[in-house]
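Student: Make a model of this:
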Amino acid sequence: MKNSYRRLLSLAIALVLILSTAAVLSGCYITRSAKMKLVEGTYELTSYSGDSDWLAERGIKLIMVIRSDGTGYYGYKDNTNKEFVSELRCRFIQDTEDSGKYQFVEVDFTGDGEYHKLGINADWKTQKLGSSTPKWKGNLFQGTAAIDYYVSVGFTRISKKTDRSVLDEHFPGEHQTVVYGTQRYIGTYAYERYDGGIYPEVEGYIPPSPFVYFYLNVDFYSGTAMAYYMLKENEEAKEVEVSAKVTKNEDGTFSIHIGETVGSLLDIDFSRYIRLPHIDTEYMEFRYIGEMTHESIVVHCESAYSSYLAGLDVSE
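Tutor: Now for the predicted structure:
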C-alpha cells in the first residue's frame with residue numbers, strides 16, 4: 001500500500017495512453033466491418049507503439065473479453081503494476097453502409113464513462129481491433145505543428161469465447177475482480193464524524209470523536225486497505241492493513257467490505273464517502289480526500305496529532 005499512489009497513477013496513465021483519444025486530431029482507423037459473431041470474444045493486446053515498442057519495453061500484458069451485451073472483463077499487468085482483473089463496459093457502432101455489421105467498438109476500462117474507440121478489422125481468418133493516433137509536436141498557432149509519431153494500438157482475437165476461461169488462463173490464481181464503476185472510489189478517506197445515532201436534541205450537535213485522526217487508504221486492485229488511526233484514550237499511532245473489496249447490490253448501490261465490516265460507498269453533494277457501521281443505527285463517515293502516498297498520509301497524521309496536542313487544556 002505504500003506505493004499505491006504511484007502504482008495507480010502509472011496504471012491510469014498506461015490505460016489512457018494505450019487507448020487515448022485526447023490527441024489534437026482524431027485517430028486513424030483501418031476497418032473491415034463484421035457481424036457480431038466475428039467481433040465479440042477474447043482479445044490480446046499484441047501491439048502498442050509510439051516512438052518505440054512500448055509493449056515490449058513496459059512488459060504490458062492486457063487480455064480483454066468483450067460481449068455483445070456491453071459487458072466484459074480485462075486482465076492487466078506490466079513491469080511496475082501487479083496483475084489484476086477488472087470488469088469493463090463496451091459498446092458497438094454499426095456500419096451505416098453495411099447493415100448487420102459493426103465497424104467500431106468502444107471500451108471503458110476505468111469505469112469513468114470515457115469510452116475509447118477501436119476500429120474493427122475482421123474476417124473469417126483474423127479478427128483485429130486497432131487505432132493509430134498522431135502525437136504532435138511544435139505550436140499550432142505558430143505554424144510549427146507537425147506529427148512527431150503515431151501511437152498505434154492493436155488487439156488480436158485469440159478466442160471467440162465470451163466467458164472468463166481464456167482470460168483466467170493468462171492470469172491464473174486467485175484474483176479479486178474489480179467491480180465496474182468503483183475505480184473512482186480508490187484512494188484515501190478521512191474520518192469525518194459519527195452519524196445516524198440517537199443524540200441530544202441540540203442544534204448543531206456533533207457526537208464527540210474518540211479519534212485523534214483516522215484515515216483509510218483503499219485499493220481495490222490489490223484488494224487491501226490501510227487504516228491509519230490514533231485513539232484519544234491512549235494516543236498510540238496505529239497502521240493496520242486489512243482486506244478491501246466492493247460488491248454491487250441489486251439496486252445498483254455498492255457495499256464495501258473492510259476486513260469483516262460491511263459498509264457503503266456513497267456519493268453525496270459531489271463528494272465520495274465510505275460509511276461503516278458502529279453500533280445500532282450509528283455509523284462512521286469517511287470523506288474522500290484524494291489519492292495519497294503513504295508518506296503524505298503519515299504527514300497528515302502527524303499534523304493532526306500536533307493540532308490535537310495544541311488544543312489540549314494543559315491546566316487539567
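
Student: Which helix or strand contains the closest residue to Tyr150 other than its chain neighbours?
Tutor: Using CB to CB, 6 or more residues apart in numbering and skipping the chain neighbours, the partner closest in space to Tyr150 is Ser132 (4.8 Å). Heads up, the C-betas are built off the backbone N, CA and C, glycines and all. Using DSSP states H and E, Ser132 sits within strand 127-137.

Student: And that strand, how far out from the chain middle?
Tutor: Computed by CA atoms, centre = their mean, to the nearest Å, the separation of strand 127-137 from the middle of its chain amounts to 23 Å.

Student: Same check on stretch 187-197?
Tutor: Computed by CA atoms, centre = their mean, the chain-centroid distance of stretch 187-197 equals 22 Å.

Student: the strands in the stretch 51-200 of the chain, which residues?
Tutor: With DSSP state E, counting those that start in this stretch, the ranges of strands along the stretch 51-200 of the chain come out as 61-66, 71-77, 84-94, 102-108, 116-122, 127-137, 146-159, 177-178, 187-195.

Student: how about CSV for those, with mean pLDDT added?
Tutor: Formatted as CSV, the strands of the stretch 51-200 of the chain follow (pLDDT from 0 to 100):
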stretch, mean pLDDT
strand 61-66, 98
strand 71-77, 96
strand 84-94, 96
strand 102-108, 97
strand 116-122, 95
strand 127-137, 90
strand 146-159, 92
strand 177-178, 92
strand 187-195, 96
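
Student: Could you list the low-confidence segments of the stretch 201-316 of the chain?
Tutor: 313-316 (pLDDT under 70).

Student: got the residue ranges for the strands in it?
Tutor: Going by DSSP E, counting those that start in this stretch, the stretch 201-316 of the chain shows strands at 211-219, 224-231, 237-248, 254-258, 261-268, 271-277, 283-290.

Student: Distance to Lys61 and mean neighbour count added to the ones you listed, as a markdown table?
Tutor: Listed next are the strands of the stretch 201-316 of the chain as a markdown table, based on distance: least, CB to CB, whole Å; neighbours: other CB atoms under 10 Å:
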| stretch | distance to Lys61 | mean neighbour count |
| --- | --- | --- |
| strand 211-219 | 20 | 22 |
| strand 224-231 | 22 | 19 |
| strand 237-248 | 23 | 15 |
| strand 254-258 | 28 | 18 |
| strand 261-268 | 29 | 15 |
| strand 271-277 | 31 | 17 |
| strand 283-290 | 29 | 18 |
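
Student: so who does Thr162 touch?
Tutor: By CB atoms under 8 Å, 6 or more residues apart in numbering, the contact set of Thr162 is 40-42, 65-68, 72.

Student: And the buried ones among these, selectable in PyMOL?
Tutor: The PyMOL command for the buried members of the contacts of Thr162 (criterion: 16 or more other CB atoms under 10 Å) is given here:
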select buried, resi 40+41+42+65+66+67+72
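
Student: and the two most separated of the contacts of Thr162?
Tutor: Thr42 and Ser68 (13.5 Å; CB to CB).

Student: hang on, the earlier thing: is it possible to get CSV of the contacts of Thr162 that adds distance to Cys90?
Tutor: Shown next, in CSV, are these (distance: CB to CB, whole Å):
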residue, distance to Cys90
Glu40, 9
Gly41, 12
Thr42, 13
Val65, 9
Ile66, 5
Arg67, 7
Ser68, 9
Gly72, 6
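
Student: Grab the most central residue of the protein for me.
Tutor: In the chain, the C-alpha nearest the mean C-alpha coordinate belongs to Gln183, at 2.9 Å (CA atoms, centre = their mean).

Student: What sits closest to it if chain neighbours are left out?
Tutor: Spatial nearest neighbour of Gln183, excluding adjacent residues (CB to CB, 6+ apart): Gly111 at 4.6 Å.

Student: Look up how far Val153 lies from the residue nearest to Arg91 when sequence neighbours are not counted.
Tutor: In space, Arg91 comes closest to Glu106 once its chain neighbours are excluded; the distance is 5.1 Å by CB to CB, 6+ apart. According to CB to CB, to the nearest Å, Glu106 stands 13 Å off from Val153.

Student: shared neighbours, those two?
Tutor: Leu118.

Student: Ala225 pairs with what?
Tutor: With DSSP bridges applied, the residues forming beta bridges to Ala225 are Val218, Val242.

Student: Report how many residues lie close to the nearest residue to Pro134 once chain neighbours are set aside.
Tutor: Using CB to CB, 6+ apart and skipping the chain neighbours, the partner closest in space to Pro134 is Ile147 (4.6 Å). Using other CB atoms under 10 Å, Ile147 has 13 neighbouring residues.

Student: got it, and Lys135?
Tutor: With other CB under 10 Å as criterion, Lys135 counts 15.

Student: Provide the count of other residues in contact range of Gly252.
Tutor: Quick note: Gly252 (other CB under 10 Å) scores 7 neighbours.
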